[in-house]
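**Q** no letters, just coordinates:
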Ligand SMILES: [Zn+2]
């Protein structure tokens, strides 16, 4: 099992220049490799359209070819970067394509302000008396606020506007499963509040709301600034710093809440948001709170695994429209109290949902791409993209239009 530890690092001026230069080199390599693959895709498309060659299997550029090519054609900039870091960049391109074929967005070229990460996948880094030693960069001051558990596997450097972080991915041993004594179900409501099946309610802290308001304001200010101007760039930094603040506040909340849940319960059930979002309309699905819920669920799942406890996801269909006795009680969003004509139960609606979630069997062990495929009954493709062979777009034996960038699918059970 992998666990990551993140620490802040404080490079000096000279090291910061080197770090920035490494990022730039990696970004250029990323864009070049991506470009090569996109050209190949376009070529495949043309060959197919004009029937120049009999259309057999499409040819693709793969990770190993690009890696081999890199070794031969290294520029002087690339020679200044640790070679495994560059190979990892090519791996990232490869991964972004694999993700795309699994239903995520089409990989994009990375602009100067988007690309902010590079990784030492095996070696080239070390920790020595309060310093992080990075090959080709130097010894950087690090604040190690906690002990590192397990064996360090990879080392990733991240730039966050004006701050730098290092994150180690460590391998730790699995915790033996604990005996399940306490159970709970959790309902993540549309209004930002979660309800436990015990009736307990958890609300995100008020300051989070406040920062979200500030973000809207700063974004509006950004839109007033002239494109390409210095003032706009300054405002852009303010906006990203506001984003960072919200992100940190939300992460903090998610860490504390998930810790509380895992400490108090041995078996926790959530609704499967991936299914829920598919059914919901787009505006809601994109709302800020969703990002928060996903994070909370991931943290809880991870912490539970570390402690040998269980987190499961269940299909949320109908949890707000049924009674615990099984009798259907339709109610719209404005109705906050559940009243059952059959058994006479009166309770807060969110708590009823939470109890139903607790009692449902889990859909699939995990959420994620693999879990999704089995559930797909209907798929619709939107967006356009050329050059992809139809075989990539077949799920469950059905054929989907090959001119596709992204899936939006409806799932049901
Ligand atoms: Zn009832």
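**A** Everything's here; your move. Not measured: the values here are computed from a predicted model.

**Q** the stretch 51-200 of the chain: strands as residue ranges?
**A** 117-120, 125-128, 131-134, 138-143, 151-160, 163-171, 183-188, 194-196 (DSSP state E, counting those that start in this stretch).

**Q** show me the shaky parts of the protein.
**A** 52-56, 189-192, 273-291, 363-413 (pLDDT under 70).

**Q** which stretches in it count as helices?
**A** 13-50, 63-72, 76-79, 83-101, 206-224, 230-264, 273-279, 282-285, 288-306, 349-359, 369-375 (DSSP state H).

**Q** out of those, which gets nearest to the ion?
**A** Ranking these by proximity to the ion (C-beta to the ion) places helix 349-359 first, at 9.0 Å. For the C-beta atoms, the positions are set from N, CA and C on the backbone; glycine is no exception.

**Q** buried residues in that closest one?
**A** Applying a neighbour-count criterion of 16 or more other C-beta atoms under 10 Å, one finds 349, 350, 351, 352, 353, 354, 355, 356, 357, 358 buried in helix 349-359.

**Q** quick one: which of these is nearest residue 96?
**A** residue 357 (34.1 Å; C-beta to C-beta).

**Q** now do the same contact list for the closest one.
**A** Going by C-beta atoms under 8 Å, 6 or more residues apart in numbering, residue 357 touches 185, 186, 187, 197, 269, 270, 271, 314, 316, 319.

**Q** pick the most buried one from the helices of the chain.
**A** Neighbour counts (mean count of other C-beta atoms under 10 Å) averaged over each of the helices of the chain peak at helix 349-359, with a mean of 23.

**Q** okay, angle between that one and strand 183-188 too, please.
**A** Here the directions of helix 349-359 and strand 183-188 differ by 130 degrees (axes from the mean of the first three to the mean of the last three C-alpha atoms, to 10 degrees).

**Q** off-centre distance for helix 349-359?
**A** Helix 349-359 has its C-alpha centroid displaced from the chain centroid by 27 Å (C-alpha atoms, centre = their mean, to the nearest Å).

**Q** that one near the ion anywhere?
**A** No - contact between helix 349-359 and the ion is absent, the nearest approach being 9.0 Å (criterion: C-beta under 5 Å from the ion).

**Q** residue 4: neighbouring residues, count only.
**A** As a burial measure, residue 4 scores 12 neighbours (other C-beta atoms under 10 Å).

**Q** which residues touch it?
**A** Residue 4 neighbours (C-beta under 8 Å, 6+ apart): 167, 168, 169, 170.

**Q** which of these are buried?
**A** The buried subset of the contacts of residue 4 - by 16+ other C-beta under 10 Å - is 168, 169, 170.

**Q** output those in CSV; the columns should cover distance to residue 138.
**A** Shown next, in CSV, are the buried ones among the contacts of residue 4 (distance: C-beta to C-beta, whole Å):
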residue, distance to residue 138
168, 18
169, 22
170, 23
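
**Q** show me the domain layout of this structure.
**A** 2-171, 183-359, 374-411 (automatic domain parsing).

**Q** show me the one of these that comes nearest residue 177.
**A** Comparing the domains of the chain under C-beta to C-beta, the one sitting nearest is domain 183-359, at 4.7 Å.

**Q** chain center to the closest one, what's the gap?
**A** Worked out by C-alpha atoms, centre = their mean, domain 183-359 lies 15 Å from the chain centre.

**Q** out of the buried residues of helix 349-359, flag the one nearest to residue 23.
**A** residue 357 (43.4 Å).

**Q** how near is the closest one to residue 198?
**A** Here the distance between residue 357 and residue 198 works out to 13 Å (C-beta to C-beta, to the nearest Å).

**Q** show me the contacts for residue 160.
**A** 116, 244.

**Q** mind checking how far it is from the ion?
**A** 50 Å (C-beta to the ion, to the nearest Å).

**Q** list the contacts of residue 319.
**A** 187, 271, 353, 356, 357, 360.

**Q** in TSV, list those along with distance to residue 303.
**A** Listed next are the contacts of residue 319 as TSV, based on distance: C-beta to C-beta, whole Å:
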residue	distance to residue 303
187	20
271	19
353	23
356	24
357	19
360	22
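
**Q** what number of residues lie near the residue of the stretch 51-200 of the chain found nearest the ion?
**A** Relative to the ion, the nearest point of the stretch 51-200 of the chain is residue 197 (15.7 Å; C-beta to the ion). Using other C-beta under 10 Å, the number of residues around residue 197 comes to 22.

**Q** over to the one 3 residues further on?
**A** Other residues within reach of residue 200, judged by other C-beta under 10 Å, total 14.

**Q** what of residue 171?
**A** Quick note: residue 171 (other C-beta under 10 Å) scores 12 neighbours.

**Q** wait, doesn't it sit right on residue 2?
**A** Yes - using C-beta atoms under 8 Å, residue 171 is in contact with residue 2, at 6.0 Å.

**Q** kind regards, and thank you for your time.
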